[in-house]
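Enquirer: When you get a sec, could you give me coordinates for this:
(2 chains)
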Amino acid sequence: MAKPAVLAGLVVIIALLPVLVSSHYIWHILILTFIYIIAAVSLRTITISGQFPLAHAAFMGIGAYLAGMASKWLGWSPWLTIPSAALVTMGIGMLIGYPFARLRALYYAMGSLFFGIGVIYMVYAGGTWTGGYAGLVGIGPMLGGSKIAHYYFFLGLALLSTLALYRFEFSRIGTTLKAIAQSHLVASSVGINEGWYRVLAVGMGCFFAGLAGAGYAHYNTVLSPASFNFMATLWLVMYVLIGGIESFAGPIIGTAILVLLPEFARDLKEYSPYISAGILLIVVYLMPRGLVSLPKLVMLWYSERKKGKKIAHVSGN
Amino acid sequence: MELAVATVTNLLILSSMYILVALGFAFLFNMLGILNFAHGVIYMLGGYIGLALISALGINQWAALIISALVIGAFGVFLEKFCFRPFVGDFNRIVMICVAIIVILQTSVNIIVGTQITSLPPFAEGVFKVGLASISYERIVTFAIGAVLLGAIIWFVNRTKWGQQMQAISQDMQGAFLQGINVHRISALASFIGCALAAIAGCLIGAYLSLGPFMGDFMLVKVLILAILSGAGSISGIFFAGLILGALDSVLPLFTSGAASDAIAVGIVVVVLLIRPQGFFGHEVEM
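Expert: I've put the predicted structure just below:
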């Protein structure tokens, strides 16, 4: 997938988009896409260590609520709240990840799922501090509330985050994580501290989830617990799985398609969720490796067809 | 006295409903190792089919209860055959299928019925008085149906051939296969029973409390808690876990706010999971 020219061209097009299309609504959708790309790519970083957490939206929520509460009750500036919320989320993720590292596979998924549900209940129970059921309002805006400044800020943030996570995945640590995912017993036998590396992967993923959440809090200035609940986590998982969990580009493509397509099909009104469901079913039944494998599948189908024609031709004579 | 009676009846009703829904989830979890996240929506759909039969077609509500159970049971067989069976052991694709089912069913209900909260007509009216306490017949009927069904399930799982085959598959699927048990047929049967029970619970809760398109999300959390507390491979564990959860849900709100009591219940589950991943009564599932 190393096509730097194509990638650079794509980034330039996305960066020039606000000049070409001056619709606040489209900018808004693209900003959300950038935020969810950060979250989805960071979720995939945790999964390369062989653990499948179902609490990522909750970690986003932790970051968002920490930033929002620091901004609202302490009056901190966004430039202080966003990095500190991300760091605290990372710390919480590592603290939680440590006891959870003894769980495996299905049980890890279930444990993290309950942690995520518990976080949302704690937000509900937080009363005036977290806004409870009504949601947290009155978070300080950033960048003077200008849409276009937000667009470039989140575009830059998404680029930096994906670059950092890309470097992380293909560093020595990332390779070690993949080794653990393949066989934790073999990995431990060659002297890899399995628990520590798994906690490290969770910490890395949670840092960027917190970052995305904190950015979202200051962009939206209103937080509702429902945006970080169990279904939100499942949607993040869908973004990763649709694109293809095995490749780095997977979550980016998956997020772009699942966030943008239903928005462009807004004319269908209440029928638009069917589009997401349809994409999910197509991927499940036809593309087990996700949308990333689509070019390969098409090529395979084409070559098979050619071969089939040739055989038919030969046998026909 | 009034409060105590209300709490105890609430405990029993909530427990029996949680267990009814959780059984279907646990059957598939035990036998095929599948986390059926769509089970909450199936429960919701059961209630809505009951509502459609009663209000649109004017069918007697008891008949509607049974027809809804049969329809949803057939839907369960369909799900097991086309959505779960091809992907057994593939966690990612099962989750994707479940999310697709959740989205399709919730959107359909939203379009056809609307997002407003409705309810089914009550199955029984009037109040039963004993001394100072009074219990509505609706509560008694709900609990009685739940209790009878749960008793029938215990009998079915432990005493009949099919039930014992289900237990054999939960213990060791390949072993059961080698013994000549038709694994596919038995898992389809388990899916039928599980979904039918969820539909009955949906109708009963729809009459006892209310009916909404998102009631399944709430129930799904309870079902997951039950499945984890009891552990894989244990049907009797579900009953104990259901009683524990029902007790937590009906007693804790007396002392704290609703959300705080939910948070405590979830916290207990996380601690149990960390100490005993296999639950109170079960064994670990390898995936």
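
Enquirer: and the stretch 1-150 of chain A, which residues reach chain B?
Expert: For the stretch 1-150 of chain A, the residues in contact with chain B (CB under 8 Å from any CB of the partner chain) are A:52, A:99-100, A:102-103, A:105-107, A:109-111, A:113-115, A:117-118, A:121-122, A:124-125, A:132-133. Heads up, the C-betas are built off the backbone N, CA and C, glycines and all.

Enquirer: From those, list just the buried residues.
Expert: For those, a neighbour count by 16 or more other CB atoms under 10 Å in any protein chain shown gives the buried set as A:52, A:100, A:103, A:105-107, A:109-111, A:113-115, A:117-118, A:121-122, A:124-125, A:132.

Enquirer: which parts of the single longest helix found in chain A are buried?
Expert: With DSSP state H setting the assignment, residue counts place helix A:194-220 as the longest helix in chain A. By 16+ other CB under 10 Å, the buried positions in helix A:194-220 come out as A:194, A:197-220.

Enquirer: Show me what the mean pLDDT comes to for that helix.
Expert: Taken as a whole, helix A:194-220 has a mean pLDDT of 91.

Enquirer: packing partners for it?
Expert: helix A:24-47, helix A:56-73, helix A:78-100, helix A:147-169, helix A:172-182, helix A:184-189 (3 or more CB pairs under 8 Å, 6 or more residues apart in numbering or on different chains; DSSP states H and E).

Enquirer: and the angle for that helix with helix A:56-73?
Expert: 50 degrees (axes from the mean of the first three to the mean of the last three CA atoms, to 10 degrees).

Enquirer: after helix A:194-220, next one along is what?
Expert: Proceeding N to C from helix A:194-220, the next assigned helix or strand is strand A:222-223, under DSSP states H and E.

Enquirer: And that next one, what does it pack against?
Expert: helix A:56-73, strand A:136-137.

Enquirer: mind redoing it with 10 Å?
Expert: Contacting strand A:222-223 under the criterion 3 or more CB pairs under 10 Å, 6 or more residues apart in numbering or on different chains; DSSP states H and E are the following elements: helix A:56-73, strand A:136-137, helix A:194-220.

Enquirer: Determine which of those approaches B:F143 most closely.
Expert: helix A:56-73 (35.0 Å; CB to CB).

Enquirer: Dump that closest one to CSV, keeping only the CA atoms.
Expert: Extracted as CSV, the C-alpha positions of helix A:56-73 are listed here (Å, rounded to 0.1, in the frame of the first residue of the first chain):
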residue,chain,number,x,y,z
HIS,A,56,-13.5,2.2,22.9
ALA,A,57,-16.4,4.6,22.7
ALA,A,58,-16.4,4.7,26.5
PHE,A,59,-12.7,5.7,26.5
MET,A,60,-13.6,8.4,24.0
GLY,A,61,-16.3,9.4,26.4
ILE,A,62,-13.9,9.5,29.3
GLY,A,63,-11.6,11.9,27.3
ALA,A,64,-14.6,14.0,26.2
TYR,A,65,-16.1,14.3,29.7
LEU,A,66,-12.7,15.0,31.3
ALA,A,67,-12.0,17.8,28.8
GLY,A,68,-15.6,19.1,29.1
MET,A,69,-15.6,19.2,32.9
ALA,A,70,-12.1,20.7,33.1
SER,A,71,-13.3,23.4,30.7
LYS,A,72,-16.6,24.0,32.3
TRP,A,73,-15.8,23.8,36.0
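
Enquirer: The helix or strand harbouring B:S68: how far from the chain's middle?
Expert: In the assignment (DSSP H and E), B:S68 maps to helix B:61-79. For helix B:61-79, the separation from the chain centroid amounts to 14 Å (computed by CA atoms, centre = their mean, to the nearest Å).

Enquirer: Quick one: list the elements packing against that helix.
Expert: helix B:2-32, helix B:39-55, helix B:91-112, helix B:183-208.

Enquirer: how about the second one as PDB, C-alpha atoms only?
Expert: Only the C-alpha atoms of helix B:39-55 are listed here, as PDB (Å, rounded to 0.1, in the frame of the first residue of the first chain):
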ATOM      1  CA  HIS B  39     -31.000 -11.000  21.200                       C
ATOM      2  CA  GLY B  40     -32.300  -7.800  22.800                       C
ATOM      3  CA  VAL B  41     -33.800  -6.700  19.500                       C
ATOM      4  CA  ILE B  42     -35.500 -10.000  19.100                       C
ATOM      5  CA  TYR B  43     -37.100  -9.600  22.500                       C
ATOM      6  CA  MET B  44     -38.300  -6.100  21.400                       C
ATOM      7  CA  LEU B  45     -39.600  -7.500  18.100                       C
ATOM      8  CA  GLY B  46     -41.600 -10.100  20.000                       C
ATOM      9  CA  GLY B  47     -43.400  -7.400  21.900                       C
ATOM     10  CA  TYR B  48     -44.200  -5.400  18.800                       C
ATOM     11  CA  ILE B  49     -45.500  -8.400  16.900                       C
ATOM     12  CA  GLY B  50     -47.800  -9.100  19.800                       C
ATOM     13  CA  LEU B  51     -48.900  -5.400  19.600                       C
ATOM     14  CA  ALA B  52     -49.500  -5.600  15.900                       C
ATOM     15  CA  LEU B  53     -51.500  -8.800  16.200                       C
ATOM     16  CA  ILE B  54     -53.700  -7.400  18.900                       C
ATOM     17  CA  SER B  55     -54.200  -3.800  17.700                       C
END
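
Enquirer: Return the residues in contact with residue 67.
Expert: Because you didn't say which chain, this covers chain A. Residues in contact with A:A67 (CB atoms under 10 Å, 6 or more residues apart in numbering or on different chains) are A:76, A:78, A:80-86, A:88-89, A:139-140, A:210-211, A:213-218, A:223.

Enquirer: Chain B was what I was after
Expert: Neighbour list for B:I67: B:I49, B:G50, B:L53, B:L57, B:I59, B:N60, B:A199 [criterion: CB under 10 Å, 6+ apart].

Enquirer: any idea of the pLDDT on the first one?
Expert: Right, B:I49. pLDDT recorded at B:I49 is 92.

Enquirer: Report the separation between the residue lying farthest from the centre of chain B and B:E2.
Expert: Relative to the C-alpha centroid of chain B, counting by CA atoms, centre = their mean, B:G131 is the outermost residue, at 34.1 Å. Distance from B:G131 to B:E2, counting by CB to CB, to the nearest Å: 11 Å.

Enquirer: Equivalent analysis for A:Y36, please.
Expert: Computed as CB to CB, the A:Y36 to B:E2 distance reads 50 Å.

Enquirer: So the two - more neighbours on which side?
Expert: Taking neighbours as other CB atoms under 10 Å in any protein chain shown, A:Y36 and B:E2 compare with A:Y36 leading, 26 against 9.

Enquirer: Poorly predicted segments of the chain, please.
Expert: Using chain A here. Residue ranges of chain A with pLDDT under 70: A:1-2, A:309-317.

Enquirer: sorry, should have said chain B
Expert: Residue ranges of chain B with pLDDT under 70: B:1, B:132, B:232-233, B:257, B:282-287.
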